[in-house]
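Undergrad: need coordinates for the following:
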Amino acid sequence: MIKIQNLTKVFKIEHEKKRTIFELLIHLFEKKSKIEKLYALKNINFEINDGDFIGIIGRNGSGKTTLLKIISKILVPTKGSVIVRGKVISFLELGVGFHEDLTAKENVYLYGALIGMTKKEIDKKFNKIIQFSNLEKFVDTRLRSFSSGMKVRLAFSTAIQTNFNILILDEILAVGDKDFQKKCYDIFNKFSKQGKTIILTSHDLDVVNKFCNKVLLLDRGKRILFDKTDKVLKKYSRI
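TA: Got it, this is the predicted structure:
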């Protein structure tokens, strides 16, 4: 389903960047700004099979989100290759695909179109989306009045109505309340039984232990271990 070989991602950070014409003239004869290379990922290799529920864990700055963005084709790797077979739905950043001045209903149609749903499909599934999100009373409310949790519920409820093979989640469900999280966990079980592939980053190791059959442990952009969940969690507790 997903094959990652020798994956490396380098970000270039420019220090002392000159922003105005005056500054450029003043520093015209000075040395160029210093460019620092930040290795977000270093030579990562692993494979994900159909139906796997994969957890990606590690401390902040370990490269988890960067890896998910590369798999989702949001970022391009510096080196290496990523082969993905199947339709991917990524749920990485809160608010992406939404418009604050539109109502919940209008945003469902907007976001649904962006992730590949037709208007006819959205018409058919609209009630399910609103019911799952528990936002029946707020269908005609502008999104700018929503809390972060309400936005998450609306976006996730829309995303799971698409026909996908691979679902990618980046800690975003931590914003939701307990009742909504329980609904999401029920959906995880349903998708797993259907043979869908799920990739999840989370600092909640209880969730990782409950759902994931394999886990990738990253540290400062390097692969530390990719193995069965219990082995990786034990390793993580020791570093």
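Undergrad: partners of the one helix or strand residue 56 maps to, with directions?
TA: Residue 56 is located in strand 53-57, with elements delineated by DSSP states H and E. The strands that strand 53-57 pairs with in its sheet are strand 197-201 (parallel), strand 214-219 (parallel) (by DSSP bridges).
Undergrad: how about JSON lines for those strands, with distance to residue 183 and mean neighbour count added?
TA: For the C-beta atoms, the positions are set from N, CA and C on the backbone; glycine is no exception. Compiled in JSON lines, these are given as follows (distance: least, C-beta to C-beta, whole Å; neighbours: other C-beta atoms under 10 Å):
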{"stretch": "strand 197-201", "distance to residue 183": "15", "mean neighbour count": "23"}
{"stretch": "strand 214-219", "distance to residue 183": "24", "mean neighbour count": "22"}
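Undergrad: I'd like to know which of those strands is closest to residue 77.
TA: Residue 77 sits nearest to strand 214-219 of all those, at 15.0 Å, using C-beta to C-beta.
Undergrad: what's next to the closest one, contact-wise?
TA: For strand 214-219, contacts defined as C-beta atoms under 8 Å, 6 or more residues apart in numbering pick out 41, 44, 46, 48, 52-59, 62-64, 67, 208, 223-229, 232-233, 235-236, 239.
Undergrad: one step back: so can I have JSON lines of the strands paired with strand 53-57 showing mean pLDDT?
TA: Shown next, in JSON lines, are those (pLDDT from 0 to 100):
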{"stretch": "strand 197-201", "mean pLDDT": "95"}
{"stretch": "strand 214-219", "mean pLDDT": "98"}
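Undergrad: pipe the ones you listed into TSV and attach distance to residue 155 per row.
TA: Putting these into TSV (distance: least, C-beta to C-beta, whole Å) gives the following:
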stretch	distance to residue 155
strand 197-201	16
strand 214-219	25
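Undergrad: out of these, which gets nearest to residue 182?
TA: With C-beta to C-beta, the closest approach to residue 182 among the strands paired with strand 53-57 belongs to strand 197-201: 15.8 Å.
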